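Colleague: how does the following fold in three dimensions:
(one chain, ligands or ions: 1)
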Amino acid sequence: MRFHTRKWVKPEDLNANETLFGGRVLAWIDEEAALYSIIQLENKKVVTKYMSEINFMSTAKQGDIIEIGIEVVKFGVSSLTLNCEVRNKMTRETIVTVDNIIMVNLGDDGKPKPHGKKKVEYVRDRLASSEGN
Ligand SMILES: CCCCCCCCCCCCCCCC(=O)SCCNC(=O)CCNC(=O)[C@H](O)C(C)(C)COP(=O)(O)OP(=O)(O)OC[C@H]1O[C@@H](n2cnc3c(N)ncnc32)[C@H](O)[C@@H]1OP(=O)(O)O
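Modeller: Sure, this is the predicted structure:
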């Protein structure tokens, strides 16, 4: 799994227990999944359809640095299934996992549209192939 994004836990990210607010983590995960999908599917119109069980395993406190990892579980026809882990950057302790996040590629009409992708693509490969043309 690649951990693309880091976040610094700030006072506004805390709950009444003075630990990281779960809703904030879910917003970060949703944004990360959307950005990952937009880049992979090369389409800005991508929505979150479904998230499987969310398992909070540990927490973080103010000043901690956390990182968000995403990997592809499956390329569907219009969907992309992702797996996510959020962990403490310093201790590597897992904070939360989400096994299946289903993102759906939309057309201009807002309906599911086949994305035509079958494997993870990296920007450097896309640049190399466009230079070769
Ligand atoms: C222009 C703007 C610039 C933007 C610049 C970038 C900004 C970047 C900022 C990002 C910021 C964060 C952004 C977060 C993204 C949101 O949070 S989006 C908001 C929340 N989500 C929604 O509002 C979606 C609401 N739902 C819907 O509109 C419709 O359900 C959908 C998504 C269009 C799907 O319609 P549907 O009729 O259910 O579709 P259906 O054909 O049955 O299924 C489509 C696919 O999903 C799969 N699926 C459906 N349900 C399930 C399920 N329960 N389990 C598993 N798979 C399922 C199907 O198997 C199918 O897969 P494929 O076989 O095609 O691969």
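Colleague: secondary structure element for the residue nearest the centre of the chain?
Modeller: For the chain, the residue nearest the mean C-alpha position is residue 33 (2.7 Å; C-alpha atoms, centre = their mean). Assigned by DSSP states H and E, residue 33 falls within helix 22-41.
Colleague: what is the mean pLDDT for that helix?
Modeller: Helix 22-41 shows a mean pLDDT of 97.
Colleague: again, but for stretch 89-109
Modeller: For stretch 89-109, the per-residue pLDDT averages 96.
Colleague: circling back: so how far is residue 80 from the residue nearest to the centre of the chain?
Modeller: 9 Å (C-beta to C-beta, to the nearest Å). Backbone N, C-alpha and C define where each C-beta goes, glycine included.
Colleague: nearest to the ligand: which residue in the protein?
Modeller: residue 76 (2.2 Å; C-beta to the nearest ligand atom).
Colleague: what values do phi and psi take at that residue?
Modeller: Dihedral pair for residue 76: phi -100, psi -160, per degrees, to the nearest 10.
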